[in-house]
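1. okay, here's the prediction I keep looking at, along with the sequence it came from:
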Amino acid sequence: DAGVTQSPTHLIKTRGQQVTLRCSPKSGHDTVSWYQQALGQGPQFIFQYYEEEERQRGNFPDRFSGHQFPNYSSELNVNALLLGDSALYLCASSPGRNGRGGNEQFFGPGTRLTVL
Amino acid sequence: AQSVTQLDSQVPVFEEAPVELRCNYSSSVSVYLFWYVQYPNQGLQLLLKYLSGSTLVKGINGFEAEFNKSQTSFHLRKPSVHISDTAEYFCAVSAGAGNNRKLIWGLGTSLAVNP
């Protein structure tokens, strides 16, 4: 089992560009959550996908959007990039609908996004 | 509103010494509690979790934590640390009802184990 995988590992973009990050959940997991972790900070919840729909959302603008595919993999899209979007973006998967409760979340290694 | 406070941003310690990383939370509803570790340039790995039952929880790599409801704390301890324990440690609390449960994160504690 490869666990949670994310691509790419690193990415450099300029302000105003758009970016797509990808995540494949751990085998058997159907819920995917995305987090933004700025340098020296804890993870900030962006949103969670289950059954191909956004189920919960954190305090992030509409520039942040996502998608979940029938095989449970997920994408995070960020439009009109700002310098402040530079961060480590983490994907976490969990089994079941209420993955943010008692179910453990398994994290991928993250994608390091740098916006210049 | 729920919140998580990790009382120490940095904890330096010598190898083989004991360590305690402190975590306090505020919540008016039942909680699940987690400690995650993040090694440099890696994602987060679960160390241990408290869902119910015994308040003393044992995790991986020799770590343990005790849930203290009256103190609203969930401090992480290890009796003897290794150089390899150098990492960022995050306390997280899951609180709320049903599908409105949220995972709230502390800002992290940087553990530096020195020889």
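-> Looks like it came in fine. Numbers count the residues shown, from 1 in each chain, chains lettered A, B, ... in the order given.
2. residue nearest the centroid of chain A?
-> A:Trp34 (2.8 Å; C-alpha atoms, centre = their mean).
3. which residues does B:Tyr50 form a beta bridge with?
-> Judged by DSSP bridges, the bridge partners of B:Tyr50 are B:Leu33.
4. check the burial of it by counting its neighbours.
-> 20 (other C-beta atoms under 10 Å in any protein chain shown). For the C-beta atoms, the positions are set from N, CA and C on the backbone; glycine is no exception.
5. list the contacts for A:Pro109?
-> A:Pro109 makes contacts with A:5-6, A:9, B:41-43, as judged by C-beta atoms under 8 Å, 6 or more residues apart in numbering or on different chains.
6. mind putting the residues you listed into a markdown table with secondary structure and neighbour count?
-> As requested, the contacts of A:Pro109 are exported to a markdown table (DSSP: H, G, I helix; E, B strand; the rest coil; neighbours: other C-beta atoms under 10 Å in any protein chain shown):
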| residue | secondary structure | neighbour count |
| --- | --- | --- |
| A:Thr5 | strand | 14 |
| A:Gln6 | strand | 21 |
| A:Thr9 | coil | 10 |
| B:Asn41 | coil | 10 |
| B:Gln42 | coil | 15 |
| B:Gly43 | coil | 22 |
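7. just the buried positions in stretch A:76-91, please.
-> A:76, A:78, A:81, A:85-91 (16 or more other C-beta atoms under 10 Å in any protein chain shown).
8. what about it, average pLDDT?
-> Stretch A:76-91 shows an average pLDDT of 97 in the prediction.
9. now for that stretch, what's the gap between its first and last residues?
-> 9 Å (C-alpha to C-alpha, to the nearest Å).
10. for stretch A:104-111, same thing?
-> When the termini of stretch A:104-111 are compared using C-alpha to C-alpha, they are 21 Å apart.
11. buried set for that stretch?
-> A:105-111.
12. then stretch B:27-43?
-> Quick answer for stretch B:27-43 (16+ other C-beta under 10 Å): B:27, B:31-38, B:43.
13. one more: stretch A:57-73?
-> A:58, A:64-66, A:68, A:72-73.
14. inside strands: which ones of these?
-> A:64-66, A:68 (DSSP state E).
15. give me the beta-bridge partners of the residue lying closest to B:Asp8 once chain neighbours are set aside?
-> Spatial nearest neighbour of B:Asp8, excluding adjacent residues (C-beta to C-beta, 6 or more residues apart in numbering or on different chains): B:Thr109 at 5.2 Å. Per DSSP bridges, the residues bridged to B:Thr109 are B:Tyr89.
16. B:Leu21 is in contact with B:Thr109, correct?
-> Yes - B:Thr109 lies in contact with B:Leu21 (C-beta atoms under 8 Å); the separation is 4.8 Å.
17. which neighbours do those two share?
-> With C-beta under 8 Å, 6+ apart as the test, B:Thr109 and B:Leu21 both reach B:6, B:8, B:11, B:89.
18. quick one on the thing from earlier: just name the closest of the contacts of A:Pro109 to A:Thr20, please.
-> A:Gln6 (11.8 Å; C-beta to C-beta).
19. and that closest one, how far from chain B?
-> Between A:Gln6 and chain B the computed distance is 8 Å (C-beta to the nearest C-beta, to the nearest Å).
20. give the contact list for that residue.
-> Neighbouring residues of A:Gln6 by C-beta under 8 Å, 6+ apart: A:21-24, A:89-91, A:108-111.
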